[in-house]
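[1] with the sequence up front, the predicted model follows.
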Amino acid sequence: MLKGKHAVVTGSTSGIGLSIARELAANGANVVLNGFGDPDAIEKERAGLEQEFGVKSYYINADLSKAEPTRDFINKAAQTLGGIDILVNNAGIQHTDLIEDFPIDRWDAIIGLNLSAVFHGTAAALPHMKKQGWGRIINIASAHGLVASANKSAYVAAKHGVVGLTKVTALENAGNGVTCNAICPGWVRTPLVEKQIEALAKKLNVDIEAAAKELLAEKQPSLQFVTPKQLAGAAVFLASDAAEQMTGTTLSLDGGWTAR
């Protein structure tokens, strides 16, 4: 479906981002991985993509919390791949606290990586995409880009910002072959969510699985976690020709969370 396309996925050395990178590669796209982690593990994943799917795969790390390194990363990725057709803005971090107790440095870090990096990455990728008349920008937002939860002021603000930026990007590029859409996952059992489950288990004095069920029951009517592979499938769809006229939208995969 995506044979010969060039894709960049931020925050793709593990979790959702790696699953998306794998699915893009499985559909024929060459990919650039990005993120932190054990170098040997990252190299194993990178090499595995080439061996399993017969595509070109590269790893380029960068400090996406800052503007210039983010823009430089996108341009370097485009140069390495020989172009950039698909950009998946996935990298993100989390911290929970009351607004009045929220550490300023954590606010700045979350806004910087979860929102500003999306802006700078998009700004750097657009000239490449517009020049070739084709591009797909896929922003991994969140159910928290559509609704709020207590103690998550920075994350909710950032993800709402991502949804808004998605719409502006779509409007500015409507009709030129470049689309921009956001995927809004509900609870996915990532390391970030696992930490919240562990904190809830401690608070309620229950085991991990009981805490996981409690977490789901509060927000997600399906009582099931969204899987990284399901999100990856949605990303492949948005990158496909079938989604050519789909732009500026939010695609919710949240087990009914935002239907309430």
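    Ah, there it is. Everything quoted here is computed from the prediction, not taken from an experiment.

[2] isn't Leu251 up against Leu238?
    Yes: at 7.1 Å, Leu251 and Leu238 qualify as touching, with contact defined as Cβ atoms under 8 Å. The C-beta positions use only the backbone N, C-alpha and C, and glycine is treated the same way.

[3] any residues in contact with both of those two?
    Asn181, Ile183 (Cβ atoms under 8 Å, 6 or more residues apart in numbering).

[4] okay, those two: which has more neighbours?
    Leu238 (24 against 18; other Cβ atoms under 10 Å).

[5] show me where the protein has helices.
    15-26, 39-53, 67-81, 104-111, 117-132, 153-172, 191-204, 208-219, 228-239 (DSSP state H).

[6] give me the helices and strands touching the shortest one, please.
    Taking 3 or more Cβ pairs under 8 Å, 6 or more residues apart in numbering; DSSP states H and E as contact, the helices and strands that helix 104-111 lies on are helix 153-172.

[7] the worst-scoring helix or strand of the chain on mean pLDDT: which residues count as buried?
    When the helices and strands of the chain are scored by mean pLDDT, DSSP states H and E, helix 191-204 comes last with a mean of 91. Going by neighbour count (16 or more other Cβ atoms under 10 Å), the buried part of helix 191-204 is Val193, Gln196, Ile197, Leu200, Ala201.

[8] how about these, which pair is most distant?
    Val193 and Ala201 (12.5 Å; Cβ to Cβ).

[9] buried set for stretch 149-157?
    For stretch 149-157, burial by neighbour count (16+ other Cβ under 10 Å) applies to Lys152, Ser153, Ala154, Tyr155, Val156, Ala157.

[10] pull the contacting residues for the closest residue to Leu18 other than its chain neighbours.
    Closest residue to Leu18 apart from its sequence neighbours, by Cβ to Cβ, 6 or more residues apart in numbering: Ser12 at 5.2 Å. Residues near Ser12 by Cβ under 8 Å, 6+ apart: Leu18, Ile20, Ala21, Val31, Leu33, Asn34, Gly35, Val88, Asn90.

[11] what sits against the residue nearest to Ser57 when sequence neighbours are not counted?
    Counting by Cβ to Cβ, 6+ apart, the nearest residue to Ser57 once its immediate chain neighbours are dropped is Leu49, at 4.0 Å. Taking Cβ under 8 Å, 6+ apart, we find Leu49 in contact with Ala21, Arg22, Ala25, Val31, Leu33, Val55, Ser57.

[12] tell me the confidence at Leu49?
    pLDDT for Leu49: 98.

[13] and if you look at Glu23?
    98.

[14] so how far is Thr227 from it?
    Glu23 sits 12 Å away from Thr227, going by Cβ to Cβ, to the nearest Å.

[15] which of those two has more neighbours?
    A side-by-side neighbour count of Glu23 and Thr227, using other Cβ under 10 Å, places Glu23 first with 23 against 15.

[16] please name the nearest non-neighbouring residue to His6.
    Once flanking residues are discounted, His6 sits nearest to Leu81: 3.9 Å by Cβ to Cβ, 6+ apart.

[17] does the one you found touch Asn30 like I think?
    Yes: counting by Cβ under 8 Å, Asn30 is a contact partner of Leu81 at 5.7 Å.

[18] who touches both of these two?
    His6, Lys56.

[19] out of those two, which sits in the busier spot?
    Set Leu81 next to Asn30 and count neighbours by other Cβ under 10 Å: Asn30 wins out with 26 against 22.

[20] relative to Lys131, how far out is the more buried one?
    For Asn30, the distance to Lys131 - Cβ to Cβ - is 18 Å.
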